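Student: Only the shape, not the letters, is given here:
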């Protein structure tokens, strides 16, 4: 199958369930909201070695937020529910409460399967000086006095089992064609609700395989996927066609499978517009490990 | 003492030793280098609840880097040496190796007291396909093949006992005057070598006190410093003068005490240029806890 | 009348007709589109001394553009139709055709009152190597070969009599409160369709009066409005209350009066959320000069 | 000759004299200074159809500016001295005086060949409320009261005959390789003092030839240089080798020839680091038109 002249492989992305939160961070200005959202979602590419997977989902205009101020929705994800609560307390407590003029609201809404008492716990920082208000919709908001004014946080934050590991690979004639296509794919996904691309700038430059082939490195749980490395194309049994010199992957987490599918579709559509892109493929474990199988060709 | 018409309190900032690394991350473009540096230094405001303290120190022009590409110097800090090594392996392995076109070089240079074999360990990801080169200066650089080309990393990264907790507080007639002064102070400090401001956007909106005053919250190790909260000014025994309505703190970590002093000086000088700023003070524990005492008035 | 505790004056903004174009600039990446849009709308604050009034209206996601690439809608305005055509030829020909990977589409659509043959004229740059295609909707698009690929531009661009000079003034306790409120107002207006804020960063720091009071400066057509200058508050017959120390104006141009009203409403609502803002007013000439009178209090 | 494996053509860039100003714009924050500098240098790619050539030269830290605030140095250029004065009055009067918290200082310093009384003339906007101070170095600074405080501007701004039209072309295996190389070249040049890259994002996507070849378009003074268009490679007598699919030009203006040479050197060195770049060449008119001939190979 071809899209915009680019081959779309007959394969699928394999995804996994992950506990997911969806949180709105507002501030006095768009920049201040972004600073807090960026800090709170940093060091969060992959739970293999990072303490969480997280990213900024989208900007929310002041006309659309509960407090009439600009904001960003972030998603923070963890395989375990307790791990997610721990991450929320640390990331919201250290990277958002400390940031100028911020407030934190639940953005999972009716999608939530459970509620975590994150705001309830963080309000103890107020040492009794905090106050509590109930909104017309029955939500509880705490106001914690700090130097920069009052930090507001919703008492409970909704979570649900979302989907991690949505992905596709962009293969192009040159490294820079693949890289620009990856950049524009991330731009396109930024507009898809309920999804994030947790890696740096949304792009993955290093593909892994499970385990190792070099017997001296038997202590490694995962190593580079040499078959996908352009610079090894001529020295290993490579999966990369002769004309390909650049490969990047986009990894997507989302609130549900539909959202991840929509993001993959938008990202692939955008990437195939870039001159030099030749082929789109996806990563999977033969369907053995993950609960979700998203067929590339069925997206279109 | 006054500076630009602003009162500088006769007090001192109290700092602590912290193990500090100083690392150059380069990439094909300035933006790509910044993306990797930002992800690698996220979720790293204060070691009280974050796994590290980290930040971007400065931009380095292509003419000044070992590989002729643009880059950013970051500092990553941890109270324990083993903790710092762990953080470096995770943050460089997950947030920089995975980012497009990056390379990692030691930037501690002759300031280093010890060396950590971070590159040596991360190169195992290459599964034997990695290569090794020695520079003219005798440095060992590994090239690890990945999808996006070759990730390069210096074998050893220098560390030393740096200084955490440099700080000053900006007090102004309005919240926004204090906030803009804090922003401009961070801008100014960005130009001071060997220092970072680890909090979101470099600014701290929430001051803490040790322990609690509310007996119901006796499980809390630290709570809001109500004496420094403008919104509690009239209801508690406040440290805030009547004319002050906004307070923000700048926290500085650095490679050595001289660097932290220079950053405090530059930040205070810039903050006092903002209309509405009335007073600069600093935070300390009476000199009981920290090794370093930096007197505000001696900076000028 | 009060909004969020801020006084809204019983007055009106006085607006004028202006010939307005609304143009979509797309590119391979969001950044490239923004670079071209920024250059094309620079040096365009006020037709009093700039050759046009122009600004970026909004970002358009790749899923919403004719070519599936990210883009920005800009508006370029001029009092005369011939002047507008001249500006379009120069700004699109020099600042967009020359920019990497760009394309230009009409975004005025059915709002248009007339069509200018801007693409038709710019395509002569192709020296006969250009090609022409007709879209399914019957639009004519030219492809002009350049070094960076093919520059695409729609043959005709729609224009109409829009509205210039929508405005409101933010008055606050400190300069920085007013400035941050102005910034957040501009953020909010960015989300209102069919409007721009043509001044630098959307904010006007200098208010004018017609003519002069100093007889030595009788050659000046417009001079500073001393009654609105906080630093002259105590030395002239000032319009500024004692508690006000900062004043900024937001000027809005738009495709029609409804759009300008919506932008004024969104901007004022956002500005009044900023601590320290005390009063919102508007600028007019007593209704003598402009066709449009937008009453502040009627917006809410 | 080769640099980093890239062929450097044995040719030269041909440059022209142009009247050049060099101006420091400071503001309360780095962002505010950048907003004003961007607006003041917009619509200024080439004097062929823009009213000036202009760009941001570099950021200046608060520790290095006359007023201790962050700033940007801009260069604004025009072939005629009177045209330059006109542009300075309009661009500084409309795009900087109107921008929040700005001040304007001469940055040409001892390089100046003449002085323009730009500040002296703009101060009439103050209607007699302006004040005048003399610095220790004997410079005259006017303070003009406006709504946002006081706008400060140095009375005289130095100008000199600078150099326009420094240039080089980047040719690469794919459009995106050439484009990323152009981007990184501009990044590198940003660090070279006394030079600007006036086109959008510093990059030129459209090369011109004098006149026309299509007899129907004999009214055109300049048209696309079809020999440098990758998409016409197979249909015209092309100057582009078979392996080249992307071409971008960098144009540089500077205060003197040495600065332009340094910028060309830094830009070429950076561009040749990007994978896929094959060849660097330059544009000239056989030496017939321009005063300056900068040989590419002599730069290294």
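Tutor: Sure, I can see it. Here the structure is a predicted model, which means the values were calculated and not measured. Numbering: from 1, shown residues only, chains lettered A, B, ... in the order given.

Student: Going by neighbour count, which residues of stretch A:187-197 are buried?
Tutor: Taking 16 or more other CB atoms under 10 Å in any protein chain shown as the neighbour-count basis, stretch A:187-197 is seen to contain the buried residues A:187, A:188, A:189, A:190, A:191, A:192, A:194, A:195, A:196, A:197. In this view, the C-beta of every residue, glycine as well, is placed from N, C-alpha and C.

Student: Kindly indicate whether the closest residue to chain B within chain A is helix, strand or coil.
Tutor: Scanning chain A for the residue nearest chain B gives residue A:42, at 0.9 Å (criterion: CB to the nearest CB). In the three-state summary, residue A:42 is assigned as coil, counting by DSSP: H, G, I helix; E, B strand; the rest coil.

Student: is it true that it touches residue B:45?
Tutor: No - the pair formed by residue A:42 and residue B:45 falls short of the contact definition of CB atoms under 8 Å, at 10.0 Å.

Student: shared neighbours of the two, anything?
Tutor: Overlap of the contact sets of residue A:42 and residue B:45 (by CB atoms under 8 Å, 6 or more residues apart in numbering or on different chains) consists of residue A:95.

Student: In chain A, mark out all the helices, start to finish.
Tutor: A:30-40, A:81-95, A:118-122, A:175-189, A:257-271 (DSSP state H).

Student: which strands and helices sit next to the first one?
Tutor: Packing partners of helix A:30-40 (3 or more CB pairs under 8 Å, 6 or more residues apart in numbering or on different chains; DSSP states H and E): strand A:12-26, strand A:53-60, strand A:71-78, helix A:81-95.

Student: ok, now with 10 Å
Tutor: Here helix A:30-40 touches strand A:12-26, strand A:53-60, strand A:71-78, helix A:81-95, strand A:103-106, helix B:30-40, helix B:175-189, helix C:175-189, going by 3 or more CB pairs under 10 Å, 6 or more residues apart in numbering or on different chains; DSSP states H and E.

Student: From chain C, how far out is the nearest residue to residue A:177 once chain neighbours are set aside?
Tutor: Closest residue to residue A:177 apart from its sequence neighbours, by CB to CB, 6 or more residues apart in numbering or on different chains: residue A:276 at 2.9 Å. From residue A:276 over to chain C the distance is 11 Å, taken as CB to the nearest CB, to the nearest Å.

Student: Contact partners for residue A:276?
Tutor: The contact partners of residue A:276, taken as CB atoms under 10 Å, 6 or more residues apart in numbering or on different chains, are A:6, A:171-178, A:180-181, A:243, A:245-246, D:173-177, D:245-246, D:276.

Student: re earlier: of all the buried residues of stretch A:187-197, which comes closest to residue B:63?
Tutor: Top of the list for closeness to residue B:63, among those and by CB to CB, is residue A:187 at 30.4 Å.

Student: mind listing what the closest one touches?
Tutor: Contact analysis of residue A:187 by CB under 10 Å, 6+ apart lists A:202, A:266-267, A:270, C:28-31, C:33, C:59, C:61-62, C:69-70.

Student: ok, it to residue D:53 distance?
Tutor: Relative to residue D:53, residue A:187 is positioned 31 Å away (CB to CB, to the nearest Å).

Student: again, but for residue A:103
Tutor: To residue D:53, residue A:103 is 46 Å away according to CB to CB.

Student: number of nearby residues for residue A:128?
Tutor: Other residues near residue A:128 come to 15 when the count uses other CB atoms under 10 Å in any protein chain shown.

Student: shouldn't it be in contact with residue B:218?
Tutor: No - contact between residue A:128 and residue B:218 fails when scored by CB atoms under 10 Å: they sit 11.3 Å apart.

Student: which residues do the two both contact?
Tutor: residue B:212.

Student: ok, back up a step: give me the pLDDT for the nearest residue to the residue of chain A closest to chain B once chain neighbours are set aside.
Tutor: Excluding its sequence neighbours, the residue lying closest to residue A:42 (CB to CB, 6+ apart) is residue B:42, at 0.9 Å. At residue B:42 the predicted local confidence, pLDDT, stands at 97.

Student: which residues sit in contact with residue A:298?
Tutor: A:1, A:10, A:12, A:261, A:265.

Student: List the buried residues in stretch A:228-242.
Tutor: Counting neighbours by 16+ other CB under 10 Å, the buried set in stretch A:228-242 is A:228, A:229, A:230, A:231, A:232, A:233, A:238, A:239, A:240.

Student: State the distance from residue A:33 to residue A:101.
Tutor: For residue A:33, the distance to residue A:101 (CB to CB) stands at 9 Å.

Student: These two - which one has more neighbours?
Tutor: Regarding residue A:33 and residue A:101, a neighbour count based on other CB under 10 Å identifies residue A:33 as having more, with 29 against 23.

Student: got the contact list for the closest residue in space to the more buried one that isn't next to it in sequence?
Tutor: With CB to CB, 6+ apart as the criterion, residue A:33 has its nearest non-adjacent residue at 3.9 Å, and that residue is residue A:27. With contacts defined as CB under 10 Å, 6+ apart, residue A:27 is in contact with A:33-37, A:67, A:69-72, A:96, A:99-103, B:205, C:184.
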